[in-house]
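Enquirer: Got a predicted structure here, sequence first:
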Amino acid sequence: MALEEPTGRRRRGDELVNALLDAAWAEFLEKGYAEMTYEGVAERAGTSRSVVYRRWPGKQELALAALRHRGAADPLEVPDTGTLRGDLVAMLTDLNRRRAEMMALLGVHMGDYYRETGLAPGALRVHWLGNRGSVAPLVVERAVARGEVPRERVTPRAIRLASDLARHEILMTLRPMTDDVIESIVDDVVVPLLTGAPPRHAEP
């Protein structure tokens, strides 16, 4: 759908859509889903409510579009340190730096959205990632190719474990992980599971 602002405005097409989605994301972060309004988004974007409504006639659609837009604007990097441990630490450090605040805010602000739509957090993550997928499968596949990880130890849950534990930590504390937490996830849980090595901080 072509999207243009009222006469006298210059923004149109992708430029206008991006401005609206940036405004929707800012509105969501400040007010949460329940208090997010078309009027607030339009005011932040410097346009009219009708311009926002024509593109996203439901607030659920607008919130999802803003989430996809925010995720696409800041993709996680794929680390290549040469070791499984190094890649996992780099992956979680990047996730912590780029996404911890967003995860915590989503955990606080999206309760009303989940109740209204019935959409679970896992499904919302798919909208966030879009077609990009996760970094973790490539990290593990490289470790298998290097001979660090036996193929028979690789399962879908094992691949997701580092990211799942990081998300759990952030959502339970509502703050970014410390370096010690990242290293514990990697050294005491994920590397032992994938390689069979003992946990680095095992009880004596």
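Expert: Cool, the structure landed.

Enquirer: in the protein, which spans are helices?
Expert: 13-35, 38-45, 49-55, 59-73, 84-109, 111-117, 121-129, 136-146, 156-173, 179-184, 191-195 (DSSP state H).

Enquirer: who wins for proximity to residue 201 among those?
Expert: Judged by Cβ to Cβ, the one of the helices of the chain that comes nearest to residue 201 is helix 179-184, at 6.7 Å. Where you see a C-beta, it was placed from the backbone N, CA and C, and this is true even at glycine.

Enquirer: Now do that closest one: which elements does it pack against?
Expert: helix 84-109 (3 or more Cβ pairs under 8 Å, 6 or more residues apart in numbering; DSSP states H and E).

Enquirer: can you tell me how far residue 142 sits from residue 18?
Expert: 34 Å (Cβ to Cβ, to the nearest Å).

Enquirer: ok, of the helices of the chain, where does mean pLDDT dip lowest?
Expert: Set side by side, the helices of the chain give their lowest mean pLDDT on helix 121-129, at a mean of 66.

Enquirer: circling back to that earlier point, please produce JSON lines containing the helices of the chain, extended by distance to residue 201 and mean neighbour count.
Expert: Putting the helices of the chain into JSON lines (distance: least, Cβ to Cβ, whole Å; neighbours: other Cβ atoms under 10 Å) gives the following:
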{"stretch": "helix 13-35", "distance to residue 201": "36", "mean neighbour count": "18"}
{"stretch": "helix 38-45", "distance to residue 201": "47", "mean neighbour count": "19"}
{"stretch": "helix 49-55", "distance to residue 201": "51", "mean neighbour count": "16"}
{"stretch": "helix 59-73", "distance to residue 201": "33", "mean neighbour count": "18"}
{"stretch": "helix 84-109", "distance to residue 201": "14", "mean neighbour count": "19"}
{"stretch": "helix 111-117", "distance to residue 201": "35", "mean neighbour count": "15"}
{"stretch": "helix 121-129", "distance to residue 201": "29", "mean neighbour count": "14"}
{"stretch": "helix 136-146", "distance to residue 201": "21", "mean neighbour count": "17"}
{"stretch": "helix 156-173", "distance to residue 201": "15", "mean neighbour count": "17"}
{"stretch": "helix 179-184", "distance to residue 201": "7", "mean neighbour count": "16"}
{"stretch": "helix 191-195", "distance to residue 201": "10", "mean neighbour count": "19"}
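
Enquirer: domain ranges for the protein?
Expert: Listed by automatic domain parsing, the domain ranges of the chain are 13-71, 76-195.

Enquirer: distance between the ends of the shortest one?
Expert: Okay, so that is domain 13-71. 20 Å (Cα to Cα, to the nearest Å).

Enquirer: Relative to the whole chain's centre, how far out is it?
Expert: 18 Å (Cα atoms, centre = their mean, to the nearest Å).

Enquirer: when you give positions from now on, start the count at 450
Expert: Yes, from this point I'll number from 450; that puts the last item at domain 462-520.

Enquirer: got a list of what the closest residue to residue 489 other than its chain neighbours touches?
Expert: In space, and not counting its chain neighbours, residue 489 is closest to residue 476: 4.7 Å by Cβ to Cβ, 6 or more residues apart in numbering. Counting by Cβ atoms under 8 Å, 6 or more residues apart in numbering, residue 476 touches 485-486, 489-490, 493.
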